[in-house]
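# Just need the structure, nothing else, for what follows:
(2 chains)
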Protein chains: 2
Amino acid sequence: MARQIKSAEQRRGELLDSAQALFFERGYDKTTVNELIQHAGLSKGGFYHHFTSKEEVLEALVERLASASMAQLSDVMESPDLDALARLNAFLSRARKMKVEQVPQMRGLFETLFQPGNQVLYHRINTASMAVVTPLLARIIEQGRQEGRFDVPDAHLAAETILQLGAASYRTVARAMNAAGTDEADTAADELDQALRFQGVVVDRILGLADGSVDYVEDGFSRAIVGALAAPSQ
Amino acid sequence: MARQIKSAEQRRGELLDSAQALFFERGYDKTTVNELIQHAGLSKGGFYHHFTSKEEVLEALVERLASASMAQLSDVMESPDLDALARLNAFLSRARKMKVEQVPQMRGLFETLFQPGNQVLYHRINTASMAVVTPLLARIIEQGRQEGRFDVPDAHLAAETILQLGAASYRTVARAMNAAGTDEADTAADELDQALRFQGVVVDRILGLADGSVDYVEDGFSRAIVGALAAPSQ
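Got it, this is the predicted structure:
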């Protein structure tokens, strides 16, 4: 029987596959490092060769998920006939669509990140995901500057600032998580909607555009998100 | 000998006094819970009656420091003859002055918060401090809305967003911390300056003001901060 030799990269990938399966199915909190190790068919030493903690696994997983999402946006990024605003709006629209689609399976992760006391883990994860998305957003903003349509002094700082805005709605999203599936769901969705519409205006203004230029949120998005959060994860 | 009976509130205050003394002198990382307990002359049970962890002590201390700073701004908040923009600029100017003055003694705290791996603690502390400052900033912005000078849909969301901008410069400040006192200090100060000037423009635009209306940063501020970071804490 030929023993399969796997590269370190392969083993790391398999570990992340296991983490994704377990975190999504059972939830992040309910998965132990030992269960991860067992599921991936690794030794303890093998695990600690790649990661120092469960948090670090989650960070790497979020990076992989964000990179996969961004790869799905390559047509929006590459399409030669979009001006910067059209590209930005297509980018945001597709990103929202992916969010609504992904939330039900990722509920086990979200539950953890928006639980009281886990804001710190959320920020770590948010930083990992921002690192992947910032360069793409900065490219779109730089295009807008080149076209003379976006009036903003620095594309990279603008991209960072815009992505950081999401973190400002942490409490609102946490409340929506708790309200999902209850009588409070509509109120929570309206509050989320208000926060996102405000963020949309901030994005318009950061880019030097008239209010309402950037399609940051659309009717029904917040209710769709809160509805998806209420759906059982399996 | 009359035994002095102290209220729970008094003991909590003394614990925070001890934490402030030790965190500022030795640094947060180098102070243990046992040292805190000893310094405050408390029992272990007494400590855990008030706090569950050293992080929680830091959170409460930061809240107290932020409240004390805000109390020092009461003249700016109450002065009847300031329009909203003048009040906002006076508020920001005094806040910067306090920062430059406080940084040298708070170096032991900052070192911890801006160390690699401590971003999570930073965010917790930032949230505690934002909770104190947001209502005051929201009041100023609401005044500007009432006066018809600030064009922004929601004063509270605007205040939250503006305070959240600080968190976007976490990496820049962390780099400045490491560069303080080295050959890289000037470059780090310039980079911080650029980030703060960008944030200033974002604040102008969030409030619907012309670029440059809000005095968010002044010449020499970033160099003063980086200089103060380089000074030994005692």
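
# Run through chain A and note the low-pLDDT ranges.
Low-confidence segments of chain A, defined by pLDDT under 70: A:1-4, A:117, A:231-234.

# So which bits of chain A are right by chain B?
A:119-121, A:123-124, A:127, A:153-154, A:157-158, A:160-161, A:164-165, A:167-168, A:194-195, A:197-199, A:201-202, A:205-206, A:208 (Cβ under 8 Å from any Cβ of the partner chain). Glycine gets a C-beta too; all of them are placed from N, C-alpha and C.

# Quick one: buried ones out of the residues you listed?
Using 16 or more other Cβ atoms under 10 Å in any protein chain shown as the burial test, these include A:119-121, A:123-124, A:127, A:154, A:157-158, A:160-161, A:164-165, A:167-168, A:194-195, A:197-199, A:201-202, A:205-206, A:208 as buried.

# same for the helix or strand harbouring residue A:156, what does it pack against?
Residue A:156 is located in helix A:155-168, with elements delineated by DSSP states H and E. In terms of contacts (3 or more Cβ pairs under 8 Å, 6 or more residues apart in numbering or on different chains; DSSP states H and E), helix A:155-168 is packed against helix A:119-146, helix A:185-206, helix B:155-168, helix B:185-206.

# go again using 6 Å as the cut-off
In terms of contacts (3 or more Cβ pairs under 6 Å, 6 or more residues apart in numbering or on different chains; DSSP states H and E), helix A:155-168 is packed against helix A:119-146, helix A:185-206, helix B:155-168.

# Can you list the neighbours in contact with it?
Here helix A:155-168 makes contact (Cβ atoms under 6 Å, 6 or more residues apart in numbering or on different chains) with A:126, A:130, A:133-134, A:137-138, A:141-142, A:145, A:152, A:199, A:203, A:206, B:160-161, B:164, B:168, B:198, B:202.

# Give me the residues contacting stretch A:219-234.
A:96, A:100, A:103-104, A:107-108, A:176-177, A:180-181, A:185, A:188-189, A:192-193.

# Can you select the buried ones among the residues you listed for me in ChimeraX?
Filtering the contacts of stretch A:219-234 down to the buried ones (16+ other Cβ under 10 Å) takes a single ChimeraX command:
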select /A:96,103,104,107,108,176,177,180,185,188,189,192,193
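
# what two of the contacts of stretch A:219-234 have the greatest distance between them?
The distance between the two most remote of the contacts of stretch A:219-234 (Cβ to Cβ) is 24.9 Å, for A:108 and A:193.

# one step back: can you tell me which of the helices and strands packed on helix A:155-168 is nearest to residue B:212?
Comparing the helices and strands packed on helix A:155-168 by Cβ to Cβ, helix A:185-206 comes nearest, at 14.6 Å.

# ok now the helix or strand harbouring residue A:222, how far from the chain's centre?
Using DSSP H and E, the element containing residue A:222 is helix A:221-230. The chain centroid and the centroid of helix A:221-230 are separated by 15 Å under Cα atoms, centre = their mean, to the nearest Å.

# Break chain A into its domains for me.
Under the assignment automatic domain parsing, the domains of chain A span A:7-52, A:54-230.

# In chain A, which helix is the longest?
helix A:84-113 (DSSP state H).

# Kindly spell out which helices and strands sit in contact with it.
Other elements packing on helix A:84-113 under the criterion 3+ Cβ pairs under 6 Å, 6+ apart are helix A:8-26, helix A:119-146, helix A:221-230.

# Tell me which of those sits most buried.
Burial of those is given as mean neighbour count (mean count of other Cβ atoms under 10 Å in any protein chain shown); helix A:221-230 ranks first at a mean of 20.

# what angle do it and helix A:185-206 make?
Between helix A:221-230 and helix A:185-206, the angle comes out at 130 degrees (axes from the mean of the first three to the mean of the last three Cα atoms, to 10 degrees).

# and helix A:221-230, C-alpha only, in PDB?
Extracted in PDB, the C-alpha atoms of helix A:221-230 (Å, rounded to 0.1, in the frame of the first residue of the first chain):
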ATOM      1  CA  PHE A 221     -31.000  43.700   2.000                       C
ATOM      2  CA  SER A 222     -31.100  44.100   5.800                       C
ATOM      3  CA  ARG A 223     -34.300  42.000   6.100                       C
ATOM      4  CA  ALA A 224     -32.700  39.300   3.900                       C
ATOM      5  CA  ILE A 225     -29.600  39.200   6.100                       C
ATOM      6  CA  VAL A 226     -31.600  39.100   9.400                       C
ATOM      7  CA  GLY A 227     -33.900  36.500   7.800                       C
ATOM      8  CA  ALA A 228     -30.800  34.400   6.800                       C
ATOM      9  CA  LEU A 229     -29.400  34.700  10.300                       C
ATOM     10  CA  ALA A 230     -32.600  33.200  11.700                       C
END
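
# if we can go back for a sec, would TSV of the helices and strands packed on helix A:155-168 with distance to residue A:17 be doable?
Formatted as TSV, those follow (distance: least, Cβ to Cβ, whole Å):
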stretch	distance to residue A:17
helix A:119-146	18
helix A:185-206	32
helix B:155-168	33
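
# Residue A:152 reaches residue A:204, doesn't it?
No - shown here, residue A:152 and residue A:204 do not form a contact pair, counting by Cβ atoms under 6 Å, at 11.0 Å.

# If you count surrounding residues, which of those two has more?
residue A:152 (23 against 17; other Cβ atoms under 10 Å in any protein chain shown).

# Just the element for that one, please.
Under the criterion DSSP H and E, no helix or strand holds residue A:152.

# Apart from its chain neighbours, what residue comes closest to residue A:188?
Nearest non-adjacent residue to residue A:188, counting by Cβ to Cβ, 6 or more residues apart in numbering or on different chains: residue A:179, 3.5 Å away.

# I'd like to know how many residues surround that neighbour.
Residue A:179: 20 surrounding residues under other Cβ under 10 Å.

# Distance check, it against residue B:5.
Applying Cβ to Cβ, to the nearest Å, the value for residue A:179 to residue B:5 is 45 Å.

# Then residue A:152?
61 Å.

# Kindly report the same for residue A:49.
Distance of residue A:49 to residue B:5, computed by Cβ to Cβ: 57 Å.

# and what of residue A:84?
The value you get for residue A:84 to residue B:5, if Cβ to Cβ is used, is 69 Å.
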